[in-house]
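Undergrad: coords please:
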Amino acid sequence: MTGGEDAALLAELRATLDEVDPVPPLVLEAARAAFGLRRLDAELAELVRDSAEERAGLIAVRGDGNVRLISFETGLVTVELQVTERGTVRDLVAEVSGTALASAEVETPGLRHPTLRDDSMISADAVPSGLLRLHLRTIEGRDLVTSWVRV
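TA: Numbering: from 1, shown residues only. Just a heads-up that it's a prediction; the model follows:
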């Protein structure tokens, strides 16, 4: 077989397998999230507070409940993330304290979303619901990432 024939045969086999036994979406999402571990030198900001967990034990009296507040910490750096639900997308606003930022982006499995940044404030609109984390680069050159969270 030639290289072209091999490629055609592999493409046909791939299409057949995708039709007969497709990979479940949850497996793909988890694999993409695990791929994000390739930056093991980044400092992890761990989840310390999530208003969704706090609301689970309370009875809602008023409000539509579509705003969620999530806090992450690592050392002296704190990230306060506000997530506003809009159907299948999320609008994000975050405030970072304890360090100055050089750049920031939102990561979802397989994609990176740019953010608008104004000093310590970060925002991103229309991020798809599901797993996400923030990747921050400080002016000192440190990489910080939040733990993955499902929104």
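Undergrad: Give me the residue ranges of the protein where confidence is low.
TA: Within the chain, the segments meeting pLDDT under 70 span 1, 32-41, 55-65.
Undergrad: How about the secondary structure of the most centrally placed residue in the chain?
TA: For the chain, Leu132 is the residue whose C-alpha lies nearest the centre (C-alpha atoms, centre = their mean; 1.4 Å). Applying DSSP: H, G, I helix; E, B strand; the rest coil to Leu132 yields a three-state assignment of strand.
Undergrad: so how far is Leu13 from the residue nearest to Arg49 when sequence neighbours are not counted?
TA: Spatial nearest neighbour of Arg49, chain neighbours left out: Ser71 (4.0 Å); criterion: C-beta to C-beta, 6 or more residues apart in numbering. Yep, even glycine has a C-beta here, placed from its N, CA and C like the rest. Going from Ser71 to Leu13 by C-beta to C-beta, to the nearest Å gives 47 Å.
Undergrad: So which elements touch the lengthiest helix in the chain?
TA: When the chain is parsed with DSSP state H, its longest helix is helix 3-20. Using 3 or more C-beta pairs under 8 Å, 6 or more residues apart in numbering; DSSP states H and E as the contact test, no helix or strand touches helix 3-20.
Undergrad: Find out how far that helix is from the centre of the chain, if you would.
TA: Distance, stretch centre to chain centre, for helix 3-20: 32 Å (C-alpha atoms, centre = their mean, to the nearest Å).
Undergrad: which of Ser71 and Leu13 has more neighbours?
TA: Regarding Ser71 and Leu13, a neighbour count based on other C-beta atoms under 10 Å identifies Ser71 as having more, with 16 against 10.
Undergrad: Report the beta-bridge partners for that one.
TA: Arg49, Glu80 (DSSP bridges).
Undergrad: Report the contact partners of Val127.
TA: 89-92, 106, 108, 113, 151 (C-beta atoms under 8 Å, 6 or more residues apart in numbering).
Undergrad: And the helices in the chain?
TA: 3-20, 25-35, 51-56.
Undergrad: Between those, which one is closest to Val96.
TA: Closest to Val96 of the helices of the chain, according to C-beta to C-beta: helix 51-56, at 18.4 Å.
Undergrad: Thanks a lot, catch you later.
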